[in-house]
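Student: I'll drop the sequence and a predicted model, then ask my questions.
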Amino acid sequence: ASKKYGGEPVVAYLPSSSPDVSTKVILSTGVVSVNQYTGEILGLRTRGLTVLGFMRALHLRLATGDVGRNILRWSALAMLISLASGLYLWWPRKTIRIRGPWWSRLFWSDLHNSFGIFSFLPLLLLTATGIVIGFEDQLSSLLDKLYGANSVHSSQTPPRPEPSPGSPELTPDQAIAIARAQLPGALPYRLQMPRYGGLYVVSLAYSDNRMAAERNSISLDPRDGRIVAVNLSTSLSPRERFLATNEAIHTGSILGLPTRIIAALASILLPLQVVSGLMIWIRRTNILPRS
């Protein structure tokens with residue numbers, strides 16, 4: 001991959017996660033897809049230029065950097081107030097019904113109330129966890145004061161003699177094999193090359209851990225395979241565990257597919273709430289004739 005694209009140094013590579021998924025080689029200019037059976041170069045994708053990448057940037061920062069992030073974090077607080085006030089307005093009647101023709105204000109009001117109460121709890125969780133993500137820097141400082149400063153959980157081995165000059169470095173495959181032997185059952189999904197940081201850093205994930213599955217890494221000396229540090233999801237600090245759990249709730253991965261479906265449905269109902277609320281306002285302002 002490096003030779004194919006002008007000798008660019010390899011930043012990292014992502015081993016294939018299944019037989020029909022190509023290996024990815026990350027260069028500074030893009031991500032190269034490689035057939036892991038033949039070595040054939042399948043193509044180069046500019047980093048970040050994917051639909052999912054854009055949607056993630058839009059969701060986190062409105063694709064506008066810190067300005068978008070600030071807008072979203074304060075919008076989440078406004079959303080929390082909106083949910084609380086909506087529940088307050090619905091509570092006296094506690095009705096779930098839809099009446100009248102679709103163009104009437106009664107129809108849109110009932111639709112707004114029904115959608116709102118069914119999506120209230122999921123949206124409340126998504127909003128609250130989104131606020132935590134938006135103010136994560138400030139919250140991290142507070143949690144560090146409560147639980148003590150965050151420390152790196154690592155296991156270090158005694159230093160070994162330096163290898164002789166000119167000795168060959170480990171290959172990426174050898175580094176991954178050493179890391180997998182340390183964490184049986186974990187799947188390596190990323191390998192940081194020693195050109196960036198001086199060590200092989202192998203990131204591994206456990207498929208049965210939905211909260212901190214990908215927070216495992218093993219750092220290796222590229223010359224002799226000595227394990228320099230082991231960072232495990234089971235050794236997270238209270239702050240790290242809290243933030244990992246919060247992220248799992250926000251993405252819906254906390255209980256797997258069922259909670260992902262619930263989070264997705266709540267996200268779909270949110271724009272319907274906006275539309276129905278807008279229609280109620282339109283009817284009240286006489287922009288459209290009333291039924």
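Tutor: Great, that's in hand.
Student: from here on, just use CA atoms for contacts and neighbour counts.
Tutor: Fine.
Student: show me where pLDDT drops low in this structure?
Tutor: Scanning the chain for pLDDT under 70 picks out 48-49, 148-167, 286-291.
Student: what ranges do the strands span in it?
Tutor: 10-14, 23-27, 30-34, 41-46, 187-192, 200-205, 216-220, 227-231 (DSSP state E).
Student: give me the distance from the second one to the chain's centre.
Tutor: Strand 23-27 has its C-alpha centroid displaced from the chain centroid by 20 Å (Cα atoms, centre = their mean, to the nearest Å).
Student: same question for the third one.
Tutor: How far strand 30-34 lies from its chain's middle: 22 Å, per Cα atoms, centre = their mean.
Student: quick check: angle from that strand to strand 10-14?
Tutor: Strand 30-34 and strand 10-14 are oriented at 50 degrees to each other (axes from the mean of the first three to the mean of the last three Cα atoms, to 10 degrees).
Student: give me the angle between strand 30-34 and strand 41-46.
Tutor: 160 degrees.
Student: helices or strands next to strand 30-34 in the packing?
Tutor: Here strand 30-34 touches strand 23-27, strand 41-46, going by 3 or more Cα pairs under 8 Å, 6 or more residues apart in numbering; DSSP states H and E.
Student: which parts of the shortest one are buried?
Tutor: Put plainly, it is strand 23-27. Residues of strand 23-27 classed as buried under the neighbour-count rule (16 or more other Cα atoms under 10 Å) are 23-27.
Student: the protein: helices as residue ranges?
Tutor: 51-61, 66-90, 105-134, 136-147, 172-182, 238-251, 257-284 (DSSP state H).
Student: hang on, the earlier thing: go through the strands of the chain and name the closest to Leu257.
Tutor: strand 200-205 (17.8 Å; Cα to Cα).
Student: contacts for that closest one, please.
Tutor: With contacts defined as Cα atoms under 8 Å, 6 or more residues apart in numbering, strand 200-205 is touched by 172, 175-176, 179, 186-194, 213-222.
Student: and for stretch 133-145?
Tutor: Stretch 133-145 has contacts (Cα under 8 Å, 6+ apart) with 69-70, 72-73, 132, 150, 239, 246-247.
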